[in-house]
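Engineer: Starting from these lines, generate the structure:
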Amino acid sequence: MIYLLRHGQTEFNLEGRYQGQSDSPLTDCGRRQARAYGALLAEHVGSAPIWTSPLPRAVETARLVAEALPNAEVHLDERLREVSFGVWEGMTRADIAAGWPKVRRQHPPRQWKLFAPQGEEIESLMSRLDAVLRDATKLKGDLILIGHGVAGRLMRGLHSGLSLSEALVLDAPQDVVYRLHDTGRIDELPTTKY
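Structural biologist: Below is the predicted model:
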């Protein structure tokens, strides 16, 4: 079984800033969320390898999750990085609207983010996320994947056969573990209060 989750809340999340591949530290709330993920996963998997994005916010989340899982090994996987938002990283939606006033109207909902100047190409992003899922499904036993908002939506979309438009409008909460079944079905496992 594959368990997919998003890193805990960061300072940029709190401020409404787009992070992409830049980084921002976890807040106290984000650390509590990560510990809540660990407690939930301990109930369902006991222990499992953890593949995580190498970005510090995901690595710290993985470390905190692993504290609750005996013998869990954390492996950094470059393919789990968030999409790069290029020059928009660190900006708020208002900053982007002021600098690029037409960009949101030029694309379907939430797809505009994938057209950031100097950002990552969608084909590259989808290819690396698809490769992670293919490798993950070859493993026997449970596996925990720790990633990001946009990348997590797209991975769930790939797993369930959704279109890009359908995947990008999925929620990306920081208090839910997604359980990806080999049939394409996805269950949501909400954490307890943190």
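
Engineer: quick one: low-confidence parts of the protein?
Structural biologist: 194 (pLDDT under 70).

Engineer: Which residue ranges of it form helices?
Structural biologist: Using DSSP state H, the helices found in the chain span residues 11-15, 28-44, 56-66, 93-99, 122-138, 149-160, 164-168.

Engineer: Skipping adjacent residues, who's closest to Phe85 in space?
Structural biologist: Nearest non-adjacent residue to Phe85, counting by C-beta to C-beta, 6 or more residues apart in numbering: Gly20, 3.5 Å away. Backbone N, C-alpha and C define where each C-beta goes, glycine included.

Engineer: quick one, what contacts the one you found?
Structural biologist: With contacts defined as C-beta atoms under 8 Å, 6 or more residues apart in numbering, Gly20 is in contact with 82-86, 88-89, 116, 119.

Engineer: So for the chain, the centremost residue is which one?
Structural biologist: His148 (2.1 Å; C-alpha atoms, centre = their mean).

Engineer: so who does the residue lying closest to that one once chain neighbours are set aside touch?
Structural biologist: Computed as C-beta to C-beta, 6+ apart, the closest residue to His148 that is not its neighbour in sequence is Glu82, at 3.6 Å. Contacts were defined as C-beta under 8 Å, 6+ apart; by that measure Glu82 touches 19-21, 53, 55, 147-151.

Engineer: can you tell me the distance between the two ends of stretch 83-101?
Structural biologist: From its first residue to its last, stretch 83-101 covers 22 Å (C-alpha to C-alpha, to the nearest Å).

Engineer: Give me the contacts around it.
Structural biologist: By C-beta under 8 Å, 6+ apart, stretch 83-101 touches 12, 15-22, 103-104, 113-114, 116-120, 125, 148, 150-151.

Engineer: So which bits of stretch 105-122 are buried?
Structural biologist: 110, 112-116, 119-120 (16 or more other C-beta atoms under 10 Å).

Engineer: whoops, I mixed them up, stretch 91-109
Structural biologist: Neighbour-count burial for stretch 91-109 flags 91, 96, 100, 103-104 (criterion: 16+ other C-beta under 10 Å).

Engineer: Over to stretch 123-132?
Structural biologist: Under the neighbour-count criterion of 16+ other C-beta under 10 Å, stretch 123-132 has 125-126, 128-129, 132 buried.

Engineer: who touches it?
Structural biologist: Contacts of stretch 123-132 (C-beta under 8 Å, 6+ apart): 51, 77-81, 83, 114, 145, 151, 154-155, 158.

Engineer: can you tell which of the helices of the chain is closest to Gly184?
Structural biologist: Minimum separation from Gly184 across the helices of the chain (C-beta to C-beta) falls at helix 149-160, 5.1 Å.

Engineer: and the closest one, how far from the chain's centre?
Structural biologist: On the basis of C-alpha atoms, centre = their mean, to the nearest Å, helix 149-160 sits 8 Å off its chain's mean C-alpha point.

Engineer: Fine by me, we can end here.
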